[in-house]
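[1] I need the structure of the sequence given here:
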Amino acid sequence: MGVALFLIGILAIIAGIVMFIVALVRKSGWGVARSLVVGGGGLILAIVGIVVGVAQQATKPESAAVIEITAPQLYSAYKANQVAADAKYKGVVLNVRGIVDSIGKDILDTPYITLSSGGAYEIWGVQCMFSKEYEAELARLVKGQGVTVQGRCSGYLINVILRDCILVH
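    Residues are numbered from 1 along each chain as shown. Below you'll find the predicted structure:
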C-alpha cells in the first residue's frame, strides 16, 4: 500500500508540474493555483506513501523459527513431491541433522558437504554450501560423522541444496 501511495503521489507531482508549466505559458493565474494544489497533494501522498512503506517494513514479521529436520526426511520430501517440498522449505532456514557422505569443493571452488539421504543405494542427498571462511572447519570433518548444518534451502537440483551454511555445535 505504501508503494502505491508513493507512486500515485509522484504521478500527482508530475501532473502538478505539467499543469504549472501550462498555466505559466497561458498566463493563467487560476491554472497556477490549481497546479500548486495538485502538486502539493501529490507531495503529501508521496510522503504518506514513504511513511506507510517504512512502517510496513518495520512491522514485517521476522521469518518463522528455524525448522529442525533430518537429511533423509528433507531428501525424501523432495523426492516424493518437489513442488510441495519447495512450497514448504524453499527459502526457509533449516537445521539439518545428518551423516557426512562427502566433503569437497564445487567447480567454483566453493566448499560443501553432502549429507546422506539415508537410502542404502542412494548416491544423492543434501548438499550444504559454505563460504570459504569455513574451509578449516570443514577440513576437520570426516565421512560418516554426524553433524547439524544450518542453511537456507534453495530447492532441488540432483541434491537438495542448502546455501549460506554454518555448522551448528
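[2] which SSE is Leu138 in?
    In this structure, Leu138 is located in helix 135-139 according to DSSP states H and E.
[3] pull out the buried positions in that helix.
    For helix 135-139, the neighbour count (16 or more other Cβ atoms under 10 Å) marks Leu138 as buried. Yep, even glycine has a C-beta here, placed from its N, CA and C like the rest.
[4] which strand residues bridge Leu157?
    Going by DSSP bridges, Leu157 is paired in beta bridges with Asn159.
[5] make 59 the first number, not 1, from now on.
    Got it, the first residue is 59 from now on, which makes the last one we talked about Leu215.
[6] picking that back up, from the contact counts, what lies against the helix holding Leu196?
    Contact here means 3 or more Cβ pairs under 8 Å, 6 or more residues apart in numbering; DSSP states H and E; on that basis helix 193-197 packs against strand 169-174.
[7] the helix or strand containing Tyr136 vs strand 169-174, what angle?
    In this assignment (DSSP H and E), Tyr136 forms part of helix 129-138. Angle between the axes of helix 129-138 and strand 169-174 is 80 degrees (criterion: axes from the mean of the first three to the mean of the last three Cα atoms, to 10 degrees).
[8] buried set for helix 129-138?
    Neighbour counts over helix 129-138 (16+ other Cβ under 10 Å) mark 129-130, 132-136 as buried.
[9] same question, stretch 148-166
    148, 151-152, 154-159, 161.
[10] and these, which two are furthest apart?
    Spanning the widest gap among the buried residues of stretch 148-166 are Lys148 and Ile161, at 24.9 Å by Cβ to Cβ.
[11] quick one on the thing from earlier: now, the buried residues of stretch 148-166 that are in helices?
    Using DSSP state H, the subset of these located in helices is empty.
[12] closest one of those to Gln203?
    Nearest to Gln203 among the buried residues of stretch 148-166, with distances taken as Cβ to Cβ, is Val158, at 4.8 Å.
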